[in-house]
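Asks: could you look at this predicted model? Sequence included:
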Amino acid sequence: MYHIISIRDFERNEIDYLLEKARTFDTPAYDARALEGKLLALLFFEPSTRTRMSFETAMARLGGRSISVDSVEASSIVKGETLADTIRVVSGYVDAIVLRHPKEGAARLASEFASVPVINAGDGAGQHPSQTLLDLYTIRQSMPIDRVRVGLLGDLRYGRTAHSLAYALSLYGATLHTIAPSGLELPSNILHELRERGMDVTEHENIDSILRELDVLYVTRIQRERFPDTASYFNVASSYRITPELLTGVRDHLMILHPLPRAGEIDPAVDCLPYARYFEQSRNGVPVRMALLYEVMK
Ligand code: CP
């Protein structure tokens, strides 16, 4: 395992191995000096709370240290330096790089210029593989991933977490129900590839038609920052809202996940229901990222 760019690069056995490794870091018995002497660079050219802080936490828990750049404005990119040059330079300082970038494909490009492992922490509307691993880890804590019935809700056009998760679930024989407003459906190339992989995928616009059949409801935010203008965002911004009333009659074991941040699509009144697992999901980012960092730097 070297670069972690897209979940499409993974075989199922590699994902299972990482999830099992994460479980070993989710106990007090792990080696807190496993990455002592190692240095991680966090290059975040888009905002982040969870991904950035959980990678930093994961590194610290394994005895390693981190350095970071938090914005384009705080880096020499404002002076015209290319991403390729930035990556070449930072590769000379550290043992691995975690990169978040607004452009799809940026992490793949960075990996071509890096002399250390690159982990994609989100590249525009592309992929977010470490998020998918923690999503799968959270599902597996409660039910087998095999043949799970998942509803992917929200902005499936721009939502990179939805793209990565859909690909990963196709390795587990999962049934996928996509639920998106008109114009924000899962891109046709992804839909086509999922079906070519043998996945049973059904598209919906209305959540009521499928909600009561799901094991997992994966809610995503409408990605305002990816819209060409404010008006087209507000046309779809309030398409869905998960409320306690809406959840009447759902399966007892339904798990509601969300990569967070949320922006109105889940009523806070849902937080205290047994279905709500998104804060636990967020917490799982630490052991999962410990496993990833360990595997690329050990
Ligand atoms: N889920 C996620 O990627 O959150 P952040 O944008 O806060 O990192």
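Replies: Received, thanks.
Asks: and the gap between the residue lying farthest from the centre of the chain and the ligand?
Replies: In the chain, residue 79 marks the outermost C-alpha relative to the chain mean, sitting 30.8 Å out by CA atoms, centre = their mean. Separation of residue 79 from the ligand (CB to the nearest ligand atom, to the nearest Å): 26 Å. From N, CA and C alone the C-beta is placed, and that goes for glycine too.
Asks: kindly report the same for residue 158.
Replies: Residue 158 is 13 Å from the ligand, where distance means CB to the nearest ligand atom.
Asks: for that residue, which residues are in contact?
Replies: Shown in contact with residue 158 (CB atoms under 8 Å, 6 or more residues apart in numbering): 125, 184, 223, 226-227.
Asks: start and end of stretch 40-58, how far apart?
Replies: 11 Å (CA to CA, to the nearest Å).
Asks: counting neighbours, which bits of that stretch end up buried?
Replies: By 16 or more other CB atoms under 10 Å, the buried positions in stretch 40-58 come out as 40-46, 48, 50-52, 54-56, 58.
Asks: that stretch near the ligand anywhere?
Replies: Yes - residues of stretch 40-58 contacting the ligand under CB under 6 Å from any ligand atom: 48-52.
Asks: mind jotting down where the strands sit in the chain?
Replies: Using DSSP state E, the strands of the chain run over residues 39-44, 65-69, 96-101, 118-123, 149-153, 175-179, 200-204, 216-219, 255-257.
Asks: got a markdown table for the ones you listed, with mean pLDDT too?
Replies: As requested, the strands of the chain are exported to a markdown table (pLDDT from 0 to 100):
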| stretch | mean pLDDT |
| --- | --- |
| strand 39-44 | 98 |
| strand 65-69 | 96 |
| strand 96-101 | 98 |
| strand 118-123 | 98 |
| strand 149-153 | 98 |
| strand 175-179 | 98 |
| strand 200-204 | 97 |
| strand 216-219 | 98 |
| strand 255-257 | 98 |
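Asks: and those strands as TSV, adding distance to residue 165?
Replies: Shown next, in TSV, are the strands of the chain (distance: least, CB to CB, whole Å):
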stretch	distance to residue 165
strand 39-44	21
strand 65-69	26
strand 96-101	18
strand 118-123	13
strand 149-153	7
strand 175-179	9
strand 200-204	13
strand 216-219	6
strand 255-257	9
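Asks: looking at these, which is closest to residue 194?
Replies: Of all the strands of the chain, strand 200-204 sits nearest to residue 194, with 5.3 Å by CB to CB.
Asks: contacting residues around that closest one?
Replies: The set of residues external to strand 200-204 that reach it, using CB under 8 Å, 6+ apart, is 175-180, 185-186, 191, 194-195, 210.
Asks: pull out the buried residues from these.
Replies: Using 16+ other CB under 10 Å as the burial test, those include 175-180, 185-186, 191, 194, 210 as buried.
Asks: quick one on the thing from earlier: nearest to residue 8, of the buried residues of stretch 40-58?
Replies: Closest to residue 8, out of all of the buried residues of stretch 40-58 and judged by CB to CB, is residue 51, at 19.2 Å.
Asks: mind checking how far the residue lying closest to the closest one once chain neighbours are set aside is from residue 3?
Replies: Of all residues not flanking residue 51 in the chain, residue 121 sits nearest, at 4.8 Å (CB to CB, 6 or more residues apart in numbering). Separation of residue 121 from residue 3 (CB to CB, to the nearest Å): 12 Å.
Asks: likewise for residue 287?
Replies: Look at residue 287 and residue 3: by CB to CB, they are 21 Å apart.
Asks: measure the residue lying closest to residue 85 once chain neighbours are set aside to the ligand for me?
Replies: The spatial neighbour of residue 85 that comes closest, neighbours along the chain excluded (CB to CB, 6+ apart), is residue 113 at 8.0 Å. Separation of residue 113 from the ligand (CB to the nearest ligand atom) stands at 24 Å.
Asks: one more: residue 292?
Replies: Plainly put, residue 292 is 14 Å away from the ligand if you go by CB to the nearest ligand atom.
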